[in-house]
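Participant: Below are the sequence and a predicted model; questions follow.
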Amino acid sequence: MLINNDLKTLDLTVGDVFSQNPRLKARNVSVFYGDNKAIDNVTIDIGNKEVISFIGPSGCGKSTFLRCFNRMNDTIDSCAVKGEITIDDENIYDKKIDVVPLRARIGMVFQKPNPFPKSIYDNVAYGPRIHGLSENKEHLDGIVEESLKRAGLWEEVIDRLDSPGTGLSGGQQQRLCIARAIAVSPEVILMDEPCSALDPIATAKIEELIHELGNDYSIVIVTHSMQQAARVSKKTAYFHLGKLIEVGRTKDIFTRPQHHQTEAYISGKIG
Amino acid sequence: MENTHISSSFDKDLNKLNDNLLKLGNTALDQFESCINNFGTQNLDEIKTVISNDKILDDLDDKVQKYGFEIIALRAPQAADLRRVIVALKIATIFERIGDYSRNISNRTKLLIELKYTDLPGVNIGKMGQKTQTMFEDVLDAYINEDDKLAVKIRNSDIKIDKMHTEYYLEIISHMQRKKNFAPTGAHLLFIAKNIERVADYITDVAEQIYFLVNGRALSDLRPKADKTSLKIPN
């Protein structure tokens, strides 16, 4: 389903960049830091309720590209984004778009857990409050409980909702951040190396959570762990030097990649 | 085998796996070649050597299984590396099984010598063995050179062995019907011929694994077969 006939990126990327049921569409996206081109003409769809991993060597642009989806790159003065990114066919870089509600629709979880210096309850209630999503205290309590349950944290914090979020373990803090992201009913969740600061048990819990959340949300995860990409995502996209080299079903990418650069990277032949 | 991983110790592990697999393959080939030669020469010492050497194949197979298992556990191989390890584990088991058939042929050849039956039917079982041996040599070359075209050719050539086996089977049965005291010898000859035919089948399995190693997908079309011994009632 081409929207342009002159998508130059199709000459470069191996595999099917399009989704039958896209939620996010990126078309000919390039990102510049000053004169430096960090992302070069990338086209890809993120499907509805699809978990997709972005992998590639350090500096390949995968995190930069991820941050385009909720305009986090706007916070960097020298950064310029060219091309088009839409959510449900609405251009997110349109001047009329307010980034605050956009970032509620497209939530983000970062590498290092970053709970607010507030109670566990207030961390989750923060988003619904500023976006006016709760009708009353009872409703807000319900949102907080539901979000913590969906993040797999409720049973562990039920007796200490008033304790500071920063007092939780690293893995619990990350799940708190996920609860905070889903409290505002996002459509897409972006995750930038969400487990790189966690031990294997906390990582397994987050991965299980990603697996469950994938039933309801589109999830884009940037990871350096290829095993993690293999475990959690249905699709995988490989980036190299700012270019999208290959996209495909994860089980194909990790067993018989089509592009030699993908093969070299996942086999540990380039880094 | 290309050595290009950033981690040189990963290359060493893969090479160790590959070296032992090739050693296993070449030893299995030697065993098979000897058992076919010994069928003709009836050299009892050589026959005993083949029987006792089977342990070498078992030990090499154990090594390949151990190294492959360790690579999967410790290196988490991907793509072509993953295929190489999985294929090595499968092929090693096949080579070890071919060794079992060579030992079985040797045991039966030993019994044939003891039975002292001189009036054997005219079909040349050595010819069938030598053709299978050539397939075996070619499949090792195909593995070393990752030659998927040769692998497909080997796989499709199995039909010749099947035809020879069917022909030989019918001839021995006919001989058994004519000469009553030939039955014990005939039974062993049938098993020997069947064992050779099975070795050729195993070689086609190796060829199919080589195709998968190179291409990342299985050979889709059905292999041509012509072994009719389970379908034909001899006249």
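Facilitator: In hand now; what should we look at?

Participant: after the one helix or strand in chain B whose mean pLDDT sits lowest comes which helix or strand?
Facilitator: When each helix and strand of chain B is scored by mean pLDDT, DSSP states H and E, helix B:148-178 comes last, with a mean of 94. The C-terminal neighbour of helix B:148-178 among helices and strands, as given by DSSP states H and E, is helix B:183-215.

Participant: for that next one, which positions count as buried?
Facilitator: B:185-186, B:188-190, B:192-214 (16 or more other C-beta atoms under 10 Å in any protein chain shown). For the C-beta atoms, the positions are set from N, CA and C on the backbone; glycine is no exception.

Participant: The residue of chain B found nearest chain A: what's its closest spatial neighbour, skipping adjacent residues?
Facilitator: With C-beta to the nearest C-beta as the measure, B:Gly216 is the residue of chain B nearest to chain A, at 2.9 Å. Spatial nearest neighbour of B:Gly216, chain neighbours left out: A:Arg256 (2.9 Å); criterion: C-beta to C-beta, 6 or more residues apart in numbering or on different chains.

Participant: now B:Arg108
Facilitator: Here the residue nearest B:Arg108, using C-beta to C-beta, 6+ apart, is B:His188, at 4.5 Å.

Participant: what pLDDT does the one you found get?
Facilitator: Note for B:His188: predicted pLDDT of 94.

Participant: now swap in B:Lys179 and tell me
Facilitator: Reading off the model, B:Lys179 has pLDDT 87.

Participant: cool, and A:Asp6?
Facilitator: 41.

Participant: show me what contacts A:Lys25?
Facilitator: A:3, A:45-46, A:84-86, A:89 (C-beta atoms under 8 Å, 6 or more residues apart in numbering or on different chains).

Participant: Make a ChimeraX selection of whichever of those turn out to be buried.
Facilitator: A single ChimeraX command selects the buried members of those (16+ other C-beta under 10 Å):
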select /A:45,46,84,85,86
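
Participant: List the ones among the contacts of A:Lys25 that fall in strands.
Facilitator: A:45-46, A:84-86 (DSSP state E).

Participant: Now do the longest helix seen in chain B: which elements does it pack against?
Facilitator: In chain B, taking DSSP state H as the definition, the longest helix is helix B:79-115. Applying 3 or more C-beta pairs under 8 Å, 6 or more residues apart in numbering or on different chains; DSSP states H and E, one finds that helix B:79-115 contacts helix A:260-266, helix B:8-41, helix B:44-75, helix B:183-215.

Participant: 10 Å instead, please
Facilitator: Packing contacts for helix B:79-115, counted by 3 or more C-beta pairs under 10 Å, 6 or more residues apart in numbering or on different chains; DSSP states H and E, involve helix A:260-266, helix B:8-41, helix B:44-75, helix B:125-145, helix B:183-215.

Participant: for chain A, what are the nearby residues on chain B?
Facilitator: Within chain B, the positions lying close to chain A (C-beta under 10 Å from any C-beta of the partner chain) are B:2-7, B:10-11, B:75-83, B:86, B:212, B:215-217.

Participant: In which helix or strand does the residue in the stretch 101-250 of chain A positioned nearest to chain B reside?
Facilitator: Proximity of the stretch 101-250 of chain A to chain B (C-beta to the nearest C-beta) peaks at A:Gln227, 5.9 Å away. Using DSSP H and E, A:Gln227 sits in helix A:226-232.

Participant: follow-up on the earlier one: which of the residues of chain B next to chain A are buried?
Facilitator: B:5, B:10-11, B:75, B:77-83, B:86, B:212, B:216.

Participant: report the angle between the axes of the least confident helix or strand of chain B and helix B:125-145?
Facilitator: 160 degrees (axes from the mean of the first three to the mean of the last three C-alpha atoms, to 10 degrees).

Participant: between helix B:148-178 and helix B:183-215, how many degrees?
Facilitator: Using the same axes, to 10 degrees: helix B:148-178 against helix B:183-215 is 170 degrees.

Participant: out of the helices and strands packed on helix B:79-115, nearest to B:Tyr168?
Facilitator: Among these, the nearest to B:Tyr168 by C-beta to C-beta is helix B:183-215 (4.9 Å).

Participant: Show me what the closest one is packed up against.
Facilitator: Using 3+ C-beta pairs under 10 Å, 6+ apart, helix B:183-215 sits against helix B:8-41, helix B:79-115, helix B:125-145, helix B:148-178.

Participant: Distance to A:Ile106 added to those helices, as JSON lines?
Facilitator: Converted to JSON lines, the helices and strands packed on helix B:183-215 look like this (distance: least, C-beta to C-beta, whole Å):
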{"stretch": "helix B:8-41", "distance to A:Ile106": "39"}
{"stretch": "helix B:79-115", "distance to A:Ile106": "32"}
{"stretch": "helix B:125-145", "distance to A:Ile106": "50"}
{"stretch": "helix B:148-178", "distance to A:Ile106": "46"}
